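A.B. asks: below is the sequence, then the predicted model.
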Amino acid sequence: MVLETEESRPGDPWENLPMEYLIKVLRDHGLPVSTLAACRSVCKKWMEIVDGPDLRNKIWNKHVIVYCDPFTHGAAFFCCSDQWITRKITFDTNWLIAADGGLLCFNKPFSTEYVLYNPVPDKFLTLNVPYEIDAIPAIIDGMFKRIVVGLVVDRYTKHFKLVLGGGLFPDERRSLIYDSTTRTWSWLHHPFPAKLELGWQGVKCVSCGGCLYWLVWNHRDQMKALLIFDLQEEKWKVLLEKFDKDKPDSLQIAAYEGHVCLLAMDWFRLDGLFDRRSYDGAFLQHPMVRAMDGALIGRTRELWEWEEGKPFHLYAAGGSDAFFVFNQQCNELSVVAKYSARLSLLFFLPDPPFRDVHDFRFYKIPRYLQDPWCAIIPTPGVCGEHEWITQPRRVPQEEVLEAPRGEAALEAQAGGEEVSESSGNEEAMEFPGEEGQL
């Protein structure tokens, strides 16, 4: 497909094509997401169409599972239904610490550099915490020490906010926020909860209903907490709970169907009581929090072996679709499944083209718990006000989040999704991109 610019010659048939026909061309011909992202740069008219509701609801709301771990030598892996796509990460900061609205946030412990990556146009943006903000030092000994990181993306404007909560300072813990609308860092006036000052750590945040949520814990004091940040009021709230026998990471959190859902992991293979995966603790006092739907969890029975359940982690991005990652302890290769709410079906994804080094076992708590998995809903384009950097070209060019091809495309048009039962799909991991791609 040849893309012209706004300097297109007079009488260009694409420029004179009626709006409804142009929408039909872009919407109904199964164009890859990367091509549609490139179409946004043709002119303002095309950008409005690609970002408009006619295409947004059809294209940009697919849930995609992502795997990115420093041990994969700077590669990120994406999968929606029938194939894994590989993207090389050229920037050095490659610990995946937050994700929302199609953006991935990377950082390393104590580093002052935060990198935002958008896999659709394959661009990244580097943000550095300033040494001083409003005449107050923000960095100590060249490091920035914080407890949690939160990211929220406006899927219409592409603007985002990055929240760094519980930054360590000589006399207190404070919080920073970066607003891409103003391109500025600022201190949060509301104090970070004093009860979370020492020895606390947590997992990636969940964005839901105008708030950010984290599960954090202090293993020394056997305390865990649901930490909440209200984005509009810019205030913190925390709910505390004591744990005894279960490990801190035995409670999962996900944004599912407009709620923050919690799923307990307090079961063991020997007891055979897989259906005990429920939660009734103090965190359910919050109106936006609920226990995970038991009917959804029940669909994992398809993966039982000898009447025993497998440990799994659940990932969702706010909608009704969800991903399950099942640990294979023998060969460290995970089994990944997707739940499609529209089809009411749980189906397997192809075998991942990497070894999963993430530790699902509960008897060992690493010093820094890093979960390389997340689920996102891709969005097109990036904020034009920022200097996003395009990653260097590669041959062959990898494509990300492409629409299904062949039989998968026919199945998708018919309203279904193909279930892959092969041992792998190595040939589909990397393939040539299209000309005119961003």
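C.D. replies: Yep, that arrived.
A.B. asks: isn't residue 180 up against residue 383?
C.D. replies: Yes. Contact criterion C-beta atoms under 8 Å: residue 180 and residue 383 qualify, at 5.6 Å. For the C-beta atoms, the positions are set from N, CA and C on the backbone; glycine is no exception.
A.B. asks: so what's in contact with these two at the same time?
C.D. replies: Counting by C-beta atoms under 8 Å, 6 or more residues apart in numbering, the shared contacts of residue 180 and residue 383 are 159-160.
A.B. asks: so which residues of this protein form helices?
C.D. replies: In the chain, the helices defined using DSSP state H lie at 13-16, 19-27, 33-39, 44-51, 53-55, 294-298, 406-413.
A.B. asks: buried sites along the shortest one?
C.D. replies: Neighbour-count burial for helix 53-55, counted by 16 or more other C-beta atoms under 10 Å, picks out 54-55.
A.B. asks: distance from it to the middle of the chain?
C.D. replies: 23 Å (C-alpha atoms, centre = their mean, to the nearest Å).
A.B. asks: ok, residues contacting it?
C.D. replies: With contact meaning C-beta under 8 Å, 6+ apart, helix 53-55 is reached by 23, 26-27, 36, 49.
A.B. asks: before we move on, back to that, same list, the helices of the chain, but as a markdown table with mean pLDDT and distance to residue 149 please.
C.D. replies: Below are those laid out as a markdown table (pLDDT from 0 to 100; distance: least, C-beta to C-beta, whole Å):
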| stretch | mean pLDDT | distance to residue 149 |
| --- | --- | --- |
| helix 13-16 | 69 | 43 |
| helix 19-27 | 80 | 36 |
| helix 33-39 | 72 | 26 |
| helix 44-51 | 79 | 27 |
| helix 53-55 | 72 | 31 |
| helix 294-298 | 76 | 28 |
| helix 406-413 | 38 | 35 |
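A.B. asks: circling back to that earlier point, check the contacts of helix 53-55 against residue 148 and report the nearest one.
C.D. replies: Among the contacts of helix 53-55, residue 36 lies closest to residue 148 (C-beta to C-beta), at 33.9 Å.
A.B. asks: might one say that that closest one is in contact with residue 27?
C.D. replies: No. Look at residue 36 against residue 27 with C-beta under 8 Å: they stay out of range, at 9.4 Å.
A.B. asks: please say which of these two ends up with more neighbours.
C.D. replies: residue 36 (22 against 17; other C-beta atoms under 10 Å).
A.B. asks: look up how far residue 291 lies from the nearest residue to that one once chain neighbours are set aside.
C.D. replies: Of all residues not flanking residue 36 in the chain, residue 50 sits nearest, at 5.4 Å (C-beta to C-beta, 6 or more residues apart in numbering). Residue 50 is 38 Å from residue 291, where distance means C-beta to C-beta, to the nearest Å.
A.B. asks: the more surrounded of those two?
C.D. replies: Higher neighbour count among residue 50 and residue 291: residue 50, with 25 against 18, using other C-beta under 10 Å.
A.B. asks: may I have stretch 182-195 as CSV, with CA atoms only?
C.D. replies: What follows is stretch 182-195, C-alpha atoms only, in CSV (Å, rounded to 0.1, in the frame of the first residue of the first chain):
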residue,chain,number,x,y,z
THR,A,182,2.8,19.5,30.4
ARG,A,183,6.0,17.5,30.0
THR,A,184,7.0,18.2,33.6
TRP,A,185,7.9,16.4,36.8
SER,A,186,6.3,17.5,40.0
TRP,A,187,6.0,16.5,43.7
LEU,A,188,2.8,15.1,45.0
HIS,A,189,1.5,17.1,47.9
HIS,A,190,-0.3,14.2,49.5
PRO,A,191,2.1,12.2,51.6
PHE,A,192,3.0,8.7,50.8
PRO,A,193,1.4,6.3,53.5
ALA,A,194,3.8,6.3,56.5
LYS,A,195,3.0,2.6,57.2
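A.B. asks: got the buried residues for that stretch?
C.D. replies: 185, 188, 192-193.
A.B. asks: what does stretch 209-225 give?
C.D. replies: Buried-residue list, stretch 209-225, by 16+ other C-beta under 10 Å: 211-218, 223-225.
A.B. asks: out of the residues you listed, flag the one nearest to residue 373.
C.D. replies: residue 215 (15.1 Å).
A.B. asks: quick check, residue 258 in contact with residue 209.
C.D. replies: Yes. If you go by C-beta under 8 Å, residue 258 and residue 209 touch, sitting 7.0 Å apart.
A.B. asks: show me where the stretch 1-150 of the chain has its strands.
C.D. replies: For the stretch 1-150 of the chain, the strands defined by DSSP state E, counting those that start in this stretch occupy 64-68, 75-79, 84-88, 95-100, 103-107, 113-118, 123-128, 132-133, 136-137, 148-153.
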